[in-house]
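Engineer: build the 3D model from these lines:
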Amino acid sequence: DCHFPGLIDDVRLFQRPVSAEEVQQMFRQRPIVKSRWNFEETTPGTPSGTPDSSVEKNDLTLRGAAELGMGWVDSGGLQLNGTSGYAETSKMPVDTSTSFTMTAWAQAAALPEHDMTVLSAGGAKRSALEVRYRPDPADPNGPGSWQLTLPDRDDAAATVKQLSSSEFYDVRLWNHITVVYDGFAKEARLYVNGALQEVACNDADGDGEPDQAGCQDLIAWAEDVLTFKATGSLRIGRTQSTGTGQYFAGSIDDVWFFQGALNDSQIRYLFEGLVDIPTEVPDGS
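Structural biologist: Numbers count the residues shown, from 1 in each chain. Next up is the predicted model:
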């Protein structure tokens, strides 16, 4: 006998042929809200926390000097001092080895001189997901870039996919960051303010080399991306490392996690809507 070494789920039998559209719909996972933190109120205790608005009730704990203050969506937001403040969950809101979406608003208190982490998803040996702001070493006073890091396994020698986007005006203004990982297509995308940066160098002769020497494509998506399942906590405002932690100095607001990949219309909805957004999957039409 041959036995299958793995997991089998959601088996369906039909008494009729199914169309290509039906197969595609079954293949792609419908997004589900797994956590949303509005930062509008605190929960009691020492240390204090802030509630998860979703049915999962995966509340955040405020660490260091993290506190609630002015935000961007509605009124409240998470205030971080850049040296000790962050927030974390007791469990990961999503399975990062399959399709997921993360969105957050972030605003730096000043022009950063070093990397600052918006959030990280912990593994045993390294982060499964990191979103950060990175200054441009060639132009410290320039806009810098938002970056996404996704390793393919929980190991120091993992192959790492890193995406970046410089398509925004100023890190000291509120910026909307969205990470989409499509596990079926093995594709990752990094949106900033509802847009996916796609600026390719000219290659008129088609030889694979840019016409202008030194030109680099600015494309915030990648194919053939593999991820692993984060087993630790989600940290907002710092990395998982015990060193400097790349603490975020500024404000973070309205953080969402979905199991499943949102489409462009849903991402634009979360970017454009600022008041009384219901905690549910946006309409994708």
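Engineer: need the contact list for Asp276.
Structural biologist: Going by C-beta atoms under 8 Å, 6 or more residues apart in numbering, Asp276 touches Asp74. Where you see a C-beta, it was placed from the backbone N, CA and C, and this is true even at glycine.
Engineer: state the distance from Phe248 to Pro282.
Structural biologist: Look at Phe248 and Pro282: by C-beta to C-beta, to the nearest Å, they are 26 Å apart.
Engineer: compare those two (neighbour count), which wins?
Structural biologist: The neighbour count for Phe248 versus Pro282, taken as other C-beta atoms under 10 Å, is higher for Phe248 (30 against 20).
Engineer: now Asp264: closest residue in space, sequence neighbours ignored.
Structural biologist: Nearest residue to Asp264 in three dimensions, chain neighbours excluded: Leu196, at 7.6 Å (C-beta to C-beta, 6 or more residues apart in numbering).
Engineer: my read: that neighbour touches Ala220, true?
Structural biologist: Yes: between Leu196 and Ala220 a contact is recorded at 5.7 Å, counting by C-beta atoms under 8 Å.
Engineer: what is in contact with the two at once?
Structural biologist: Common neighbours of Leu196 and Ala220 (criterion: C-beta under 8 Å, 6+ apart): 189-190.
Engineer: any stretches of this protein with poor pLDDT?
Structural biologist: Across the chain, the ranges flagged by pLDDT under 70 are 1, 5-12, 14-29, 199-218, 242, 285.
Engineer: C-terminal to the longest strand seen in it, what's the next element?
Structural biologist: Criterion DSSP state E: the longest strand present in the chain is strand 249-259. Moving toward the C-terminus from strand 249-259, the next helix or strand (DSSP states H and E) is helix 264-272.
Engineer: re earlier: look at the residue nearest to Asp264 and say how many residues are nearby.
Structural biologist: 18.
Engineer: now do the contacts for it.
Structural biologist: Contacts of Leu196 (C-beta under 8 Å, 6+ apart): 189-190, 220-221, 264.
Engineer: who's in contact with Thr239?
Structural biologist: Here Thr239 is in contact with 117, 120, 127, 130, 132, 245-246 (criterion: C-beta under 8 Å, 6+ apart).
Engineer: of these, which is the most crowded?
Structural biologist: That'd be Ser120 among those, by other C-beta under 10 Å, with 29 neighbours.
Engineer: which of the three states applies to it?
Structural biologist: Here Ser120 is recorded as strand under DSSP: H, G, I helix; E, B strand; the rest coil.
Engineer: check contacts around it.
Structural biologist: 127, 129-131, 234-235, 238-240.
Engineer: thinking again about what came up before, out of the contacts of Leu196, which are buried?
Structural biologist: 189-190, 220-221 (16 or more other C-beta atoms under 10 Å).
Engineer: ok, these vs Met102, which is closest?
Structural biologist: Nearest to Met102, judged by C-beta to C-beta, of the buried ones among the contacts of Leu196 is Leu190 at 10.3 Å.
Engineer: tell me the contacts of the closest one?
Structural biologist: Leu190 touches 146-148, 163-165, 177-179, 196-197, 220-221, counting by C-beta under 8 Å, 6+ apart.
Engineer: at 7 Å instead, please
Structural biologist: 146, 148, 163, 165, 179, 220 (C-beta atoms under 7 Å, 6 or more residues apart in numbering).
Engineer: for Phe258, state which of the residues you listed is nearest.
Structural biologist: Of the contacts of Leu190, the one sitting nearest to Phe258 (C-beta to C-beta) turns out to be Val179, at 10.4 Å.
Engineer: can you tell me the helix or strand for that closest one?
Structural biologist: strand 175-182.
Engineer: which element follows that strand toward the C-terminus?
Structural biologist: Under the assignment DSSP H and E, the closest C-terminal helix or strand after strand 175-182 is strand 187-192.
Engineer: any idea how far stretch 259-273 is from the chain center?
Structural biologist: Mean-position distance between stretch 259-273 and its chain equals 12 Å (C-alpha atoms, centre = their mean, to the nearest Å).
Engineer: which parts of it are buried?
Structural biologist: Quick answer for stretch 259-273 (16+ other C-beta under 10 Å): 259-262, 266-271.
Engineer: kindly indicate which of those residues lies nearest Trp37.
Structural biologist: Leu270 (13.7 Å).
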